[in-house]
Every structure is written in C-alpha cells, then in structure tokens.
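J.: sequence? don't have it. structure:
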C-alpha cells in the first residue's frame, strides 16, 4: 500500500506551536500522574522511587546507603485504597447496565461504539472511572471520509458510520473557546495520541501524533500531524472537513469534555487527589514501620556471668535455643532475650490515614445539594445527589450528546421526547447505588406513611427503589403482588377446606350430622 502524500511540513522550530500545552494543563498534569500511579498500584508507585518515597539520608550517595534504600523500598507496602475506591464507585453504578432510549438505527453504534468492538456500556464504564479519578475525560465523534451525505442504508450495508473515541485527560493537551453571542463554543482541541508507525506482522512500532480539531468561521476541520523521520519536524499527514448528514460542513466541534461538576472545558480538582495524598503518606509510614520491624523486630538472646573456659569447655562455643534445648549456666549466671518495645508511632499514623481515606471515600457518595449544568440534557434541575451521582449524570449527558452527533452524520432522525422524558435520545447510567440503602427505621417510616395514606404507592416505591431496597418497576411489582395475594388466598381456602373436611369426619364418627347440614334435613332428635 503506497504511503500517503505529505500535505505539508512544519520545521522543528514550529513544533512547539503544534505541541503547545494549555497553561492549566501544566499545573494539573502532575496531579493526574500521581493519581494514575496510585491507581496502577504498588509496582508503579515503587517504580517512581524517590518521587513518592524519599531516600533516608538523601545526601549520602554511598553504595551502602543505596543498598539500604533498595531494601527500604522493597519492604514498604502500598495499600491501594485509591484504585479500590474508584473500582467500588464505578461498580456501584454498573451493577445495572446503562439504558439506551433512541432510534433503532443507532443500535449498531451502541453495540460497537469505537469500531473496535467496544460497546457503549464498556466504554462509558471506562469514562466514569476517568471522571471519578481525575474529574475529566473527553469524547470525540470521529467521522470517516465520504463522497457525500451518508444515509442509514450506507451505514447498515457499507459500514460507513461515525465512531465515538474516549480520551484520558493528559491526552487533551490544549484547547480554546470562543464566545459567539451568548454561547461559548470550543474552537480548538489538540489531542496527543499514539499510532502504529510500523507493523511487520509480529512487532509494532508506536509513535505519537497530534490530532488538531479547529473551528474557523464556523467550519469544523481536523488535522493529523506526525513527526518527520528526519529533521525533527512534523508532517501534515491528513486533513479533512467533516460534513453532517446533509453534506454541509459541521458548525461545531463534535467533542465533549466530561467533568465531575460540569461538562465544560474548565479543569476541576480531581476527586481522588486527597485520597491519593493520604495513600502515599500511608505508604511512607509503612516504609518506616517495616524498617523498624526489620531492624529490631527479632528477639536477641543474651547471657551474663560466663567465663571463657565455660564457653569453651561446657558450651563448646555454641548455644542451642528452643524448647528441646538446655543452656547450662555457671553459678550466678543469667540469660534472657533482648526485645525492643513495640514502635507504635508509625502504626498509629497508618491507622489514622486509613480512617481518613475511608471517610473521604464515603463523602463521595453522601447526598448533597448540587446545581448541575443547565446546558446538558437532563441536567437542568437542582437535585439532592452525591458526587458520584453527579459524575454519572454528566457521563450520561455526554454520551447522549455524542450519539446525537452520530445520528446527525448518518441522517438518523431523533424522535420526539416521550412522556416523562426530556429528550428523544438518552443513554442513562444507573443512579441507584447500593450504598444508598435505607435503614430499617427509614423503611418503617415509609411504610407508615403509605399505610397512613399520606403518600401513594408510586411514591413509596420510588423511595424504596432509590434506597436500594426495591428494584422492580411499579407495574411489575403490582402484578407480582397481585399474584402473591391470589396465591395466599388460594392457600388459605385450601387450609379452610381441609379443616372443614376434618371436622365433618369427626362429627360423622360420632353419629352427628355435619355442621353445615340444613335444619330441615336433620333427623329428629331421640
């Protein structure tokens, strides 16, 4: 396959313009890297060495001190609270799969959203993990090259359709917004990504490229810049002006930031930052604790009152310890074990940090009052929610927006919103978390309000479902409760019939008429 022609080149002196980073990006990158290392676990944290665990006596560069530091870092234990907190929070949401509501024509995109076999459920799970960890992620709708408008049939038969790509926060190195009237629109997004430079069927060579998204005069364009083989400059490898379903140039960047508070370009303090700091502090305390255990943890025997002749003639230069051994001592000799008292200070510091990490993790699922973004679908009302619920709502809104861009490219009509819906196209992640379970007292209170006819059946069910106690739809619950009531009535009737039959047999044995025999049919009394 011939190589694509070079559209243009940029000399080395112009590289900084392409690879320039947003000022705030430089401030946040070290924070994201710290959280990323903590999530990756002990291997990544220990590989960073002095970045997270200072060397004892840092001014001593002798081989002995270097050896000591190797043992110091090897004995330390990194308890990955940061990664487990992210996993647990994402798991709370994905205990139930997201729900897609929209055109059937987009179902292939839901099943394979990135063209590599990853479903929308799988990708959105990864996106939520990014938002929970870093408070930032990015979604890009990538359009293929076409010779004109794309129909639904083209998408179904020819596989010509848009893809939704997910990016980590450190891949989005630069961005700009412009104000058009009262609306702020993205006008530039620069993404640093990997591509396969060479592939001989066995080994691949990975290099970096820059994907530049621009909006100039309300026309969206994409450029791919790759490094030159020689000279250190860049080639404009590919350039395109994607069009919508009508064949017209797009008037906005099909890119959406996802945040914990809002889906805009503003950087937010990462949710896992405080926990990661405590996690690393706990790691450093662990290093000190394990070092003290190693140095003085084992008891040391001692003997007093021995002469050299006793050591040579009686003990023969050896001392055997253990329950089956006996150490002979001369008159007045003594023996004992030298054992250090427990060093509780590092352990207490570790315990304290563990409690703080647990408390911080719990804060992320506590209910709070929050006003979320008014510009996103379904996020325009104040609600009692948690930080996790806010992340879930923002991820859902971002995917609904991305799917709308896909629908526009493929000429798919989005239906009118149904009753109770804000939009005709929704991709909703589960917002009913198991951690929000109601206490027995709260459950009793809800049932008391319902039996007292102060709230309706649907209201009671809504509270029970949001608290993780009930999970069926209201109609399914009604049907199941009716079936159970009918079964209970049938069982009660069977028991009553059995009791009546037994009573009749007892009366018959005594020569008395059955209890339910009419008076006119009873025999005369003797």
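T.: Received, thanks. Keep in mind it's a predicted model, so treat the numbers as computed, not measured. Residues are numbered from 1 along each chain as shown.
J.: quick one: the strands in the stretch 151-300 of the chain?
T.: Along the stretch 151-300 of the chain, counting by DSSP state E, counting those that start in this stretch, strands occupy 163-167, 172-180, 183-199, 204-216, 219-227, 234-240, 255-259, 300-304.
J.: in CSV, list the ones you listed along with mean pLDDT, mean neighbour count and distance to residue 98.
T.: Any C-beta I mention is one placed from the backbone N, CA and C, and that applies to glycine too. Listed next are the strands of the stretch 151-300 of the chain as CSV, based on pLDDT from 0 to 100; neighbours: other Cβ atoms under 10 Å; distance: least, Cβ to Cβ, whole Å:
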stretch, mean pLDDT, mean neighbour count, distance to residue 98
strand 163-167, 96, 21, 14
strand 172-180, 92, 16, 24
strand 183-199, 91, 15, 25
strand 204-216, 92, 15, 26
strand 219-227, 91, 19, 28
strand 234-240, 87, 17, 31
strand 255-259, 96, 24, 14
strand 300-304, 77, 11, 61
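J.: to residue 459, which of these lies closest?
T.: Evaluated over those, closeness to residue 459 peaks at strand 255-259, with 32.6 Å, by Cβ to Cβ.
J.: ok, back up a step: in a markdown table, list the strands of the stretch 151-300 of the chain along with distance to residue 87.
T.: A markdown table is the format used below for the strands of the stretch 151-300 of the chain (distance: least, Cβ to Cβ, whole Å):
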| stretch | distance to residue 87 |
| --- | --- |
| strand 163-167 | 18 |
| strand 172-180 | 24 |
| strand 183-199 | 25 |
| strand 204-216 | 28 |
| strand 219-227 | 35 |
| strand 234-240 | 38 |
| strand 255-259 | 19 |
| strand 300-304 | 44 |
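J.: next, count neighbours for residue 452.
T.: 8 (other Cβ atoms under 10 Å).
J.: please report how far it lies from residue 477.
T.: Distance of residue 452 to residue 477, computed by Cβ to Cβ, to the nearest Å: 20 Å.
J.: now residue 57
T.: For residue 57, the distance to residue 477 (Cβ to Cβ) stands at 67 Å.
J.: who has more neighbours, the two?
T.: residue 477 (17 against 11).
J.: which of the helices or strands spans the more buried one?
T.: helix 474-509 (DSSP states H and E).
J.: report the buried residues of that helix.
T.: 477, 504 (16 or more other Cβ atoms under 10 Å).
J.: helices and strands around it, which ones?
T.: helix 457-466 (3 or more Cβ pairs under 8 Å, 6 or more residues apart in numbering; DSSP states H and E).
J.: which helices and strands does the helix it packs on pack with?
T.: helix 440-451, helix 474-509.
J.: quick one, the shortest one and helix 457-466 angle?
T.: I take that to be helix 440-451. Per axes from the mean of the first three to the mean of the last three Cα atoms, to 10 degrees, the angle that helix 440-451 makes with helix 457-466 is 170 degrees.
J.: off-centre distance for helix 440-451?
T.: 33 Å (Cα atoms, centre = their mean, to the nearest Å).
J.: identify the residues contacting it?
T.: Residues from elsewhere that reach helix 440-451 (Cβ atoms under 8 Å, 6 or more residues apart in numbering): 438, 455, 456, 457, 459, 460, 463, 464, 467, 469.
J.: what's the nearest residue to the third one if we skip its chain neighbours?
T.: The shortest distance from residue 456 to any residue other than its chain neighbours is 7.8 Å, reached at residue 450 (Cβ to Cβ, 6 or more residues apart in numbering).
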